[in-house]
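Visitor: I'd like to go over a predicted model; first the sequence, then the structure.
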Amino acid sequence: MTDLYAIRKKLLKEQRQLLVHKFFKNRLAVTGGTITFVMLFLALLAPVLAPQGPLDMIVTDRLLAPSAAHPFGTDTFGRDVFTRILYGARVSMAIGFFVGLITMAAGMLLGLLASYFKLLDEILMRICDGLNAIPSTLLAIAFMSALGGSITNVIVSLSIVSIPRMARIARSAAVVVKGQTYIEAVSAAGASPLHIIFRHMAPNILSPVIVQASYVFANAIITEAALSFLGVGVPVPQPSWGNILYEGKDVIYNAWWMIVYPAVFTALTVFGLNLFGDGLRDLLDPHTS
Amino acid sequence: MKKYIVKRLLALIPTLFVVSVVIFSIIHMTPGDPAAMILGDKADAAAVEALRESMGLNDPIPVQYINWVGRVLRGNPGRSVFIDKPMTEILKDYMGPTFALTVYAMLLATVLAIPLGVLAAKNRGTMADQGISFVSMVGISMPSFLLGLLLILGFAVKLQWFPVGGYKEFGSVSFLTYIRYLTLPALALGFMEAALIIRLTRASVLEVLASDYVKMAKAKGVSEFALVMKHAFKNALIPILTVLGQTFMALLAGAAVVESVFNIPGIGRLTVNSVARRDYEVIQAVVLLVSLINVVMCLAVDLLYGLVDPRVRLED
């Protein structure tokens, strides 16, 4: 018995090493992962790296062009744009991360339950169809209009609009797993449905779910920026990439730096996450690419 | 085919039910009393009570839902607290610019993307293919409002080739001026969808090019051009057509954000402005309208698909 256990452990370890090796051989995944890692690093270290506070106003320094003192210039209130972009990365990353996590957990749970219980499947999938019929950006704007602007409400709204898709992906993966012989065997051995679902099915649908979560992460960052840019996301004066753009639009003739720098950071982060997601998909879920 | 149509129509009922419940609940998601939210802090209790009564907020929620659905079915989905016009007329006024922008963006996206996708597939692995793939990867990471702002900065502020924003009524100015106002917004809106269509066209042409009948045609001596255009492209078109329906919807919904960037008076900007005015019934009406267009569009694509491909309509 101990022998078998040791062999299993060794095999699992080898499998993990192979995955890691394959990951580093995948140029897309490594590039995307590096960009994502750098952004996370900047976000976490914002208080250390930023030359001043994100809300510090120096009224005499309004709309200064980029210089040594202010590498990305200053905004309408004399705040340092570089500082605000670093703190904005915290907001974007936190929103992307939590939306990804909540969507993953809820989508997996719904997908697994739907794959196992037929009546629940009908009901849940009809609800998903209905939610999918409403364009997600518009629905997010409508939710934000009712809930009011705040980081928590952005996370709630974006999670609600991304869960239906995740649930569908989790469900179709779970249906395939449920048809496998070993599930039949466990079931015949008398395991309870919940034990089967969480102990035996859940780990085997992780791959497509994680891949989708990386896209949800990227999408949440885009949509947060869009919502804040429209004035219905993270409320001013909190620093968020969308907010910097929102304020920059009014001074587009005088301050290109308030548009170009936050735009580059947003696009680069999303680019990195998309590459990372594509790399993950090639690695974990090769038959769908 | 008749059975297929009936099946598809019946499937709409639960979808529409969920859509209506979600949109109906928007107004009830406000923290506290919606009527008080609409009128703001300074309103007196009597005015709030009057608005509650006229909005029907004193009825039990299921009654409110049924009344609301009834009004929607009679073509009267609520009333704006800000614009003194029937809702259908408001929607009609604002739909024009949105529709023009969507169609123009769709045209730009398809006219540029499909040939580029075919080109990339034909020259697989070459510099051209990698270049096109890179552009489409950038496009997928570039949300429309970011691209819009950058386009304004480059082509309107610096080069001054296009106006920074605004919209001219069709017919009130020359066609050229009309198009000049819409070009940057349409480019901003269409780029991401173009990127997706490039990827899809490339993949789908590659798949067809690898099939046996194309190899056979090649062996028979069919010219390269005829091979790609006549044999490969035609068969690759079916999945592309489905995506075009989805593209149209993505553009229509995406127009909400782009309109705000370029100050175009469409339904998107109407929605965003209504958020600041707490004009919830307008927001509900717009979301409902776009969702209904989406549902009809999906139905049309499904039916078309069933018509073209018998396997679809004979399924289970």
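Guide: Done, it's in.
Visitor: Tell me the buried residues in the helix or strand residue B:287 falls within?
Guide: Secondary structure from DSSP states H and E places residue B:287 in helix B:280-308. Within helix B:280-308, the residues that count as buried by 16 or more other C-beta atoms under 10 Å in any protein chain shown are B:280-295, B:297-299, B:301-303, B:305-306. The way it works is simple: take the backbone N, C-alpha and C, and place the C-beta from them, glycine included.
Visitor: Report the rounded mean pLDDT for that helix.
Guide: For helix B:280-308, mean pLDDT rounds to 87.
Visitor: Next secondary structure element downstream of that helix?
Guide: helix B:310-314.
Visitor: Show me what that following helix is packed up against.
Guide: helix B:2-26, helix B:280-308 (3 or more C-beta pairs under 8 Å, 6 or more residues apart in numbering or on different chains; DSSP states H and E).
Visitor: switch the cut-off to 7 Å
Guide: helix B:280-308 (3 or more C-beta pairs under 7 Å, 6 or more residues apart in numbering or on different chains; DSSP states H and E).
Visitor: Against which helices or strands is the helix it packs on packed?
Guide: Using 3+ C-beta pairs under 7 Å, 6+ apart, helix B:280-308 sits against helix A:118-133, helix A:136-147, helix B:2-26, helix B:87-122, helix B:233-262, helix B:267-277, helix B:310-314.
Visitor: I'd like the distance from that helix to the chain centre, please.
Guide: Put simply, helix B:280-308 sits 10 Å off its chain's centre (C-alpha atoms, centre = their mean, to the nearest Å).
Visitor: Residue of the stretch 101-250 of chain B nearest chain A, please.
Guide: Nearest residue of the stretch 101-250 of chain B to chain A (C-beta to the nearest C-beta) works out as residue B:141 at 3.8 Å.
Visitor: ok, now how distant is the nearest residue to that residue once chain neighbours are set aside from residue A:265?
Guide: With C-beta to C-beta, 6 or more residues apart in numbering or on different chains as the criterion, residue B:141 has its nearest non-adjacent residue at 3.8 Å, and that residue is residue A:271. Distance, residue A:271 to residue A:265, using C-beta to C-beta, to the nearest Å: 11 Å.
Visitor: cool, and residue A:13?
Guide: 38 Å.
Visitor: repeat for residue B:26
Guide: In terms of C-beta to C-beta, residue B:26 sits 32 Å off from residue A:265.
Visitor: Which residue is the nearest non-sequential neighbour of the residue in the stretch 101-250 of chain A positioned nearest to chain B?
Guide: Nearest residue of the stretch 101-250 of chain A to chain B, counting by C-beta to the nearest C-beta: residue A:130, 2.3 Å away. Spatial nearest neighbour of residue A:130, chain neighbours left out: residue B:18 (2.3 Å); criterion: C-beta to C-beta, 6+ apart.
Visitor: Would you agree the one you found is in contact with residue A:127?
Guide: Yes - counting by C-beta atoms under 7 Å, residue B:18 does reach residue A:127; the two are 5.4 Å apart.
Visitor: Tell me the first helix or strand C-terminal of the helix or strand in which residue B:204 is found.
Guide: Residue B:204 belongs to helix B:175-209 when assigned by DSSP H and E. Per DSSP H and E, the first helix or strand lying C-terminal to helix B:175-209 is helix B:212-220.
Visitor: Measure how that following helix sits relative to helix B:233-262, angle-wise.
Guide: Angle, helix B:212-220 to helix B:233-262, by axes from the mean of the first three to the mean of the last three C-alpha atoms, to 10 degrees: 120 degrees.
Visitor: how far off helix B:175-209 does helix B:212-220 point, in degrees?
Guide: Helix B:212-220 runs at 90 degrees relative to helix B:175-209, counting by the same axes, to 10 degrees.
Visitor: What lies in contact with helix B:212-220?
Guide: Where contact means C-beta atoms under 7 Å, 6 or more residues apart in numbering or on different chains, the residues beyond helix B:212-220 that reach it are B:208, B:227, B:231, B:232.
Visitor: Just give the number of residues close to the first one.
Guide: For residue B:208, the tally of surrounding residues (other C-beta atoms under 10 Å in any protein chain shown) stands at 19.
Visitor: before we move on, what about residue B:63?
Guide: Neighbour count of residue B:63, defined by other C-beta under 10 Å: 11.
Visitor: Spatially, what comes nearest to it if we skip its sequence neighbours?
Guide: Nearest residue to residue B:63 in three dimensions, chain neighbours excluded: residue B:56, at 7.9 Å (C-beta to C-beta, 6+ apart).
Visitor: What of residue B:71?
Guide: Once flanking residues are discounted, residue B:71 sits nearest to residue B:77: 6.3 Å by C-beta to C-beta, 6+ apart.
Visitor: Show me what from the stretch 51-200 of chain B comes close to chain A.
Guide: B:138, B:140, B:141, B:142, B:143, B:145, B:146, B:149, B:150, B:152, B:153, B:157 (C-beta under 7 Å from any C-beta of the partner chain).
Visitor: Without its sequence neighbours, what residue ends up closest to the second one?
Guide: Sequence neighbours aside, residue B:195 is the residue nearest to residue B:140 in space, at 4.9 Å (criterion: C-beta to C-beta, 6+ apart).
Visitor: what residues are up against that neighbour?
Guide: Going by C-beta under 7 Å, 6+ apart, residue B:195 touches B:136, B:139, B:140.
Visitor: any idea how far it is from residue B:247?
Guide: According to C-beta to C-beta, residue B:195 and residue B:247 sit 11 Å apart.
Visitor: Give me the neighbour count for residue B:56.
Guide: 12.
Visitor: Could I get the pLDDT score of it?
Guide: For residue B:56, pLDDT reads 79.
Visitor: what residue ranges in chain B score low on pLDDT?
Guide: Along chain B, the parts satisfying pLDDT under 70 run over B:234-237, B:240, B:314-316.
Visitor: can you check the stretch 1-150 of chain A too?
Guide: Applying pLDDT under 70 to the stretch 1-150 of chain A picks out residues A:1-2.
Visitor: Done for today, thanks.
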